[in-house]
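Student: Sharing a sequence plus its predicted fold:
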Amino acid sequence: MLLPVTAPVVVGQATALSAVVLCNGLPVPNATVTFNGGAAPVTATTTAAGLATGQVTFNTAGTTPVTATVTAAGTTCTCTNVVSAPVNIIVGQPTSCTVVVQPVTAPVVVGQATALSAVVFCNGLPVPNATVTFNGGAAPVTATTTAAGLATGQVTFNTAGTTPVTATVTAAGTTCTCTNVVSAPVNITVSGQTGTTLQAAAACWRVNLPVPLPNVFTATLRATVTPPTAGIPVSFYLQGQLVGSAVTDATGNATINAGLSPLQILSPTYTAVATVGASRLQATGILLPCIPPV
(Lines give C-alpha, C1' and ligand atoms only; values in the text may rest on other atoms or scores of the structure.)
Protein backbone atom coordinates (compact mmCIF):
# COMPACT_ATOMS: atom_id res chain seq x y z
CA MET A 1 0.00 0.00 0.00
CA LEU A 2 1.46 3.35 -1.09
CA LEU A 3 0.97 5.98 1.60
CA PRO A 4 -0.44 9.43 0.69
CA VAL A 5 1.91 12.43 0.57
CA THR A 6 1.02 15.37 2.80
CA ALA A 7 3.99 17.68 2.23
CA PRO A 8 4.15 19.91 -0.87
CA VAL A 9 5.80 18.23 -3.88
CA VAL A 10 7.90 20.50 -6.08
CA VAL A 11 9.52 20.00 -9.49
CA GLY A 12 13.18 19.03 -9.19
CA GLN A 13 13.07 18.55 -5.42
CA ALA A 14 13.33 15.02 -3.97
CA THR A 15 10.18 13.89 -2.15
CA ALA A 16 10.01 11.06 0.39
CA LEU A 17 7.48 8.41 -0.72
CA SER A 18 6.60 5.52 1.59
CA ALA A 19 4.87 2.18 1.15
CA VAL A 20 3.82 -0.51 3.64
CA VAL A 21 4.05 -4.19 2.72
CA LEU A 22 1.77 -6.65 4.57
CA CYS A 23 1.15 -10.39 4.26
CA ASN A 24 -2.07 -11.58 5.93
CA GLY A 25 -2.03 -8.39 7.98
CA LEU A 26 1.55 -8.81 9.19
CA PRO A 27 4.47 -6.58 8.08
CA VAL A 28 6.93 -8.05 5.58
CA PRO A 29 10.56 -7.06 6.36
CA ASN A 30 13.46 -7.01 3.86
CA ALA A 31 11.15 -6.76 0.88
CA THR A 32 12.27 -4.83 -2.21
CA VAL A 33 9.94 -1.96 -3.13
CA THR A 34 10.29 0.06 -6.34
CA PHE A 35 8.52 3.40 -6.68
CA ASN A 36 7.48 4.20 -10.27
CA GLY A 37 6.10 7.41 -11.72
CA GLY A 38 8.87 9.87 -10.95
CA ALA A 39 11.78 10.94 -13.14
CA ALA A 40 13.35 7.49 -12.54
CA PRO A 41 12.40 4.34 -10.60
CA VAL A 42 13.60 4.38 -6.98
CA THR A 43 14.15 1.20 -4.95
CA ALA A 44 14.08 0.79 -1.17
CA THR A 45 13.93 -2.08 1.35
CA THR A 46 11.26 -2.54 4.00
CA THR A 47 12.04 -2.30 7.69
CA ALA A 48 10.86 -4.72 10.38
CA ALA A 49 7.59 -2.78 10.35
CA GLY A 50 7.20 -3.43 6.61
CA LEU A 51 7.85 0.22 5.74
CA ALA A 52 9.95 1.27 2.72
CA THR A 53 10.82 4.91 1.95
CA GLY A 54 12.43 6.26 -1.21
CA GLN A 55 13.43 9.76 -2.40
CA VAL A 56 11.59 10.37 -5.67
CA THR A 57 12.07 13.39 -7.95
CA PHE A 58 9.54 14.70 -10.46
CA ASN A 59 10.63 16.71 -13.51
CA THR A 60 7.27 18.09 -14.64
CA ALA A 61 4.46 19.89 -12.86
CA GLY A 62 0.94 18.49 -12.78
CA THR A 63 -0.80 15.38 -11.47
CA THR A 64 1.31 12.20 -11.71
CA PRO A 65 0.17 8.66 -10.73
CA VAL A 66 2.74 6.78 -8.65
CA THR A 67 2.80 3.07 -7.82
CA ALA A 68 4.93 0.81 -5.64
CA THR A 69 5.97 -2.66 -6.82
CA VAL A 70 7.10 -5.22 -4.21
CA THR A 71 9.15 -8.42 -4.39
CA ALA A 72 9.73 -10.49 -1.25
CA ALA A 73 10.84 -14.03 -0.43
CA GLY A 74 10.02 -16.35 2.45
CA THR A 75 6.43 -15.26 2.96
CA THR A 76 3.19 -17.27 2.88
CA CYS A 77 1.84 -14.79 0.34
CA THR A 78 2.59 -14.25 -3.32
CA CYS A 79 4.97 -11.27 -3.17
CA THR A 80 6.61 -11.19 -6.58
CA ASN A 81 5.97 -8.04 -8.64
CA VAL A 82 2.84 -7.16 -6.70
CA VAL A 83 1.79 -3.59 -7.59
CA SER A 84 -0.02 -1.16 -5.31
CA ALA A 85 -3.02 0.88 -6.29
CA PRO A 86 -1.86 4.17 -7.85
CA VAL A 87 -1.73 7.36 -5.81
CA ASN A 88 -1.98 10.68 -7.64
CA ILE A 89 0.81 13.10 -6.71
CA ILE A 90 0.24 16.80 -7.38
CA VAL A 91 3.57 18.33 -8.42
CA GLY A 92 3.93 22.11 -8.29
CA GLN A 93 6.48 24.52 -9.67
CA PRO A 94 9.18 25.60 -7.19
CA THR A 95 8.60 28.92 -5.48
CA SER A 96 10.69 31.84 -6.61
CA CYS A 97 13.34 33.66 -4.62
CA THR A 98 12.32 37.08 -3.39
CA VAL A 99 14.76 39.98 -3.84
CA VAL A 100 13.91 43.40 -2.45
CA VAL A 101 15.92 46.56 -3.09
CA GLN A 102 16.16 48.64 0.07
CA PRO A 103 15.11 52.30 -0.15
CA VAL A 104 17.89 54.89 -0.19
CA THR A 105 17.68 57.57 2.49
CA ALA A 106 20.94 59.45 1.89
CA PRO A 107 21.18 62.05 -0.92
CA VAL A 108 22.19 60.62 -4.30
CA VAL A 109 24.40 62.86 -6.43
CA VAL A 110 25.54 62.57 -10.04
CA GLY A 111 29.00 61.02 -10.30
CA GLN A 112 29.17 60.01 -6.64
CA ALA A 113 28.99 56.30 -5.71
CA THR A 114 25.92 55.39 -3.66
CA ALA A 115 25.57 52.26 -1.53
CA LEU A 116 22.55 50.23 -2.69
CA SER A 117 21.41 47.16 -0.76
CA ALA A 118 19.09 44.27 -1.53
CA VAL A 119 17.82 41.38 0.61
CA VAL A 120 17.28 37.89 -0.86
CA PHE A 121 14.85 35.39 0.69
CA CYS A 122 13.74 31.84 -0.13
CA ASN A 123 10.49 30.85 1.58
CA GLY A 124 11.07 33.59 4.14
CA LEU A 125 14.65 32.57 4.97
CA PRO A 126 17.75 34.58 3.97
CA VAL A 127 19.82 33.25 1.05
CA PRO A 128 23.60 33.55 1.63
CA ASN A 129 26.28 33.56 -1.12
CA ALA A 130 23.81 34.64 -3.79
CA THR A 131 24.99 36.86 -6.66
CA VAL A 132 23.05 40.12 -6.89
CA THR A 133 23.45 42.56 -9.79
CA PHE A 134 22.17 46.12 -9.42
CA ASN A 135 20.96 47.61 -12.73
CA GLY A 136 19.97 51.17 -13.52
CA GLY A 137 23.17 53.04 -12.74
CA ALA A 138 26.00 54.01 -15.08
CA ALA A 139 27.06 50.32 -15.15
CA PRO A 140 25.80 47.07 -13.58
CA VAL A 141 27.29 46.39 -10.15
CA THR A 142 27.51 42.88 -8.68
CA ALA A 143 27.70 41.90 -5.01
CA THR A 144 27.33 38.72 -2.93
CA THR A 145 24.82 38.24 -0.11
CA THR A 146 25.94 37.78 3.48
CA ALA A 147 24.60 35.15 5.89
CA ALA A 148 21.68 37.54 6.46
CA GLY A 149 20.87 37.55 2.73
CA LEU A 150 22.06 41.16 2.34
CA ALA A 151 24.04 42.36 -0.69
CA THR A 152 25.47 45.88 -0.95
CA GLY A 153 27.00 47.47 -4.05
CA GLN A 154 28.39 50.89 -4.89
CA VAL A 155 26.36 52.30 -7.79
CA THR A 156 27.14 55.53 -9.66
CA PHE A 157 24.60 57.57 -11.66
CA ASN A 158 25.72 59.80 -14.54
CA THR A 159 22.55 61.81 -15.06
CA ALA A 160 20.25 63.73 -12.76
CA GLY A 161 16.57 62.86 -12.43
CA THR A 162 14.52 59.85 -11.35
CA THR A 163 16.06 56.49 -12.25
CA PRO A 164 14.45 53.06 -11.67
CA VAL A 165 16.87 50.54 -10.14
CA THR A 166 16.40 46.76 -9.99
CA ALA A 167 18.35 43.88 -8.46
CA THR A 168 18.73 40.55 -10.25
CA VAL A 169 19.64 37.50 -8.14
CA THR A 170 21.13 34.12 -9.02
CA ALA A 171 21.68 31.51 -6.31
CA ALA A 172 22.36 27.78 -6.18
CA GLY A 173 21.46 25.13 -3.63
CA THR A 174 18.07 26.55 -2.62
CA THR A 175 14.60 25.01 -2.72
CA CYS A 176 13.43 28.04 -4.71
CA THR A 177 13.95 29.12 -8.28
CA CYS A 178 16.77 31.63 -7.86
CA THR A 179 18.11 32.10 -11.38
CA ASN A 180 17.77 35.62 -12.83
CA VAL A 181 14.95 36.60 -10.47
CA VAL A 182 14.39 40.36 -10.70
CA SER A 183 13.16 42.65 -7.92
CA ALA A 184 10.47 45.25 -8.24
CA PRO A 185 12.02 48.56 -9.37
CA VAL A 186 12.85 51.27 -6.85
CA ASN A 187 12.97 54.85 -8.09
CA ILE A 188 16.17 56.70 -7.15
CA THR A 189 16.17 60.50 -7.25
CA VAL A 190 19.56 61.72 -8.48
CA SER A 191 20.50 65.36 -8.03
CA GLY A 192 23.03 67.28 -10.10
CA GLN A 193 26.55 67.61 -8.75
CA THR A 194 27.04 70.95 -7.04
CA GLY A 195 29.96 72.23 -5.02
CA THR A 196 32.40 69.94 -3.26
CA THR A 197 31.70 66.21 -3.02
CA LEU A 198 33.16 63.36 -0.98
CA GLN A 199 33.53 59.80 -2.26
CA ALA A 200 34.62 56.72 -0.26
CA ALA A 201 36.63 54.07 -2.10
CA ALA A 202 35.92 50.35 -1.89
CA ALA A 203 38.08 48.72 0.80
CA CYS A 204 38.87 45.25 2.09
CA TRP A 205 40.07 43.90 5.44
CA ARG A 206 42.85 41.38 6.04
CA VAL A 207 44.37 39.57 9.01
CA ASN A 208 46.87 41.83 10.76
CA LEU A 209 49.94 39.56 10.80
CA PRO A 210 51.90 38.72 12.80
CA VAL A 211 49.52 38.17 15.70
CA PRO A 212 48.92 38.80 18.55
CA LEU A 213 48.46 42.53 17.96
CA PRO A 214 46.11 45.13 19.44
CA ASN A 215 43.89 44.70 16.37
CA VAL A 216 43.38 41.33 14.73
CA PHE A 217 42.33 42.85 11.38
CA THR A 218 43.39 45.86 9.33
CA ALA A 219 41.98 47.77 6.35
CA THR A 220 43.07 50.74 4.23
CA LEU A 221 40.24 53.28 4.05
CA ARG A 222 40.34 56.15 1.57
CA ALA A 223 38.06 59.05 0.74
CA THR A 224 38.40 61.64 -2.03
CA VAL A 225 37.27 65.26 -2.05
CA THR A 226 36.26 66.68 -5.45
CA PRO A 227 37.44 69.15 -6.67
CA PRO A 228 40.81 68.16 -5.15
CA THR A 229 41.48 70.21 -2.05
CA ALA A 230 44.34 69.73 0.41
CA GLY A 231 44.08 70.09 4.18
CA ILE A 232 40.50 68.91 4.73
CA PRO A 233 40.11 66.61 7.79
CA VAL A 234 38.24 63.37 7.05
CA SER A 235 36.94 61.03 9.77
CA PHE A 236 36.24 57.35 9.14
CA TYR A 237 33.55 55.42 11.00
CA LEU A 238 32.55 51.76 11.29
CA GLN A 239 29.24 50.86 12.95
CA GLY A 240 29.11 54.43 14.27
CA GLN A 241 32.54 54.21 15.92
CA LEU A 242 35.46 56.41 14.89
CA VAL A 243 38.33 54.24 13.59
CA GLY A 244 40.66 57.02 12.44
CA SER A 245 41.11 60.43 10.80
CA ALA A 246 43.32 61.87 8.08
CA VAL A 247 43.83 65.11 6.16
CA THR A 248 43.45 65.29 2.39
CA ASP A 249 46.58 65.74 0.26
CA ALA A 250 46.94 67.81 -2.91
CA THR A 251 44.98 65.22 -4.88
CA GLY A 252 42.05 65.40 -2.46
CA ASN A 253 42.75 61.95 -0.98
CA ALA A 254 42.65 61.12 2.73
CA THR A 255 43.89 57.64 3.67
CA ILE A 256 44.20 55.68 6.92
CA ASN A 257 45.28 52.18 7.85
CA ALA A 258 42.61 51.24 10.38
CA GLY A 259 42.86 48.48 12.95
CA LEU A 260 39.56 46.61 13.17
CA SER A 261 37.97 44.30 15.71
CA PRO A 262 36.24 40.98 14.87
CA LEU A 263 32.90 42.71 15.37
CA GLN A 264 33.73 45.61 13.05
CA ILE A 265 34.60 43.39 10.07
CA LEU A 266 30.99 42.15 10.08
CA SER A 267 29.94 45.53 8.68
CA PRO A 268 29.71 45.54 4.85
CA THR A 269 30.33 49.30 4.66
CA TYR A 270 32.20 52.16 6.31
CA THR A 271 31.46 55.89 6.41
CA ALA A 272 33.70 58.88 5.68
CA VAL A 273 32.75 62.33 6.99
CA ALA A 274 34.31 65.72 6.13
CA THR A 275 33.35 69.33 6.72
CA VAL A 276 34.05 71.80 3.92
CA GLY A 277 33.12 75.33 4.86
CA ALA A 278 29.60 75.13 6.26
CA SER A 279 28.83 71.86 4.50
CA ARG A 280 29.06 68.45 6.15
CA LEU A 281 29.88 65.80 3.54
CA GLN A 282 29.32 62.08 4.09
CA ALA A 283 30.07 59.08 1.87
CA THR A 284 29.69 55.34 2.26
CA GLY A 285 32.28 52.82 1.03
CA ILE A 286 32.02 49.08 0.67
CA LEU A 287 34.11 46.90 3.02
CA LEU A 288 34.70 43.24 2.13
CA PRO A 289 37.30 40.60 3.00
CA CYS A 290 40.42 40.72 0.84
CA ILE A 291 40.96 37.68 -1.37
CA PRO A 292 42.83 36.03 0.27
CA PRO A 293 42.18 37.82 3.62
CA VAL A 294 45.84 37.51 4.82
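Tutor: Perfect, thanks for sending it. Numbering: from 1, shown residues only.
Student: From the chain's centroid, how far away is stretch 18-28?
Tutor: Here stretch 18-28 is found 45 Å from its chain centre; the criterion is C-alpha atoms, centre = their mean, to the nearest Å.
Student: What residues sit buried inside that stretch?
Tutor: 18-21, 23, 28 (16 or more other C-beta atoms under 10 Å). For every residue, glycine as well, the C-beta is placed using N, CA and C.
Student: Quick one: mean pLDDT for it?
Tutor: For stretch 18-28, mean pLDDT rounds to 94.
Student: Need the contact partners of that stretch.
Tutor: Residues outside stretch 18-28 that contact it (C-beta atoms under 8 Å, 6 or more residues apart in numbering): 1-3, 31, 33, 35, 46, 48-54, 68, 70, 72, 75-77, 79, 84.
Student: which of the buried residues of stretch 18-28 sit farthest apart?
Tutor: By the measure C-beta to C-beta, Ser18 and Cys23 form the most distant pair in these, at 17.7 Å.
Student: got the contact list for the residue in the chain sticking out farthest from the centre?
Tutor: Going by C-alpha atoms, centre = their mean, the residue of the chain most distant from its centre is Thr76, 56.0 Å out. Counting by C-beta under 8 Å, 6+ apart, Thr76 makes contact with 23-24.
Student: Are we agreed that it is in a strand?
Tutor: No: under DSSP: H, G, I helix; E, B strand; the rest coil, Thr76 sits outside any strand and is assigned coil.
Student: Any of the contacts of stretch 18-28 buried? List them.
Tutor: Here, 16+ other C-beta under 10 Å leaves 2, 31, 33, 35, 46, 50-54, 68, 70, 72, 75, 79, 84 buried among the contacts of stretch 18-28.
Student: ok, those residues vs Val216, which is closest?
Tutor: Of the buried ones among the contacts of stretch 18-28, the one sitting nearest to Val216 (C-beta to C-beta) turns out to be Thr53, at 48.1 Å.
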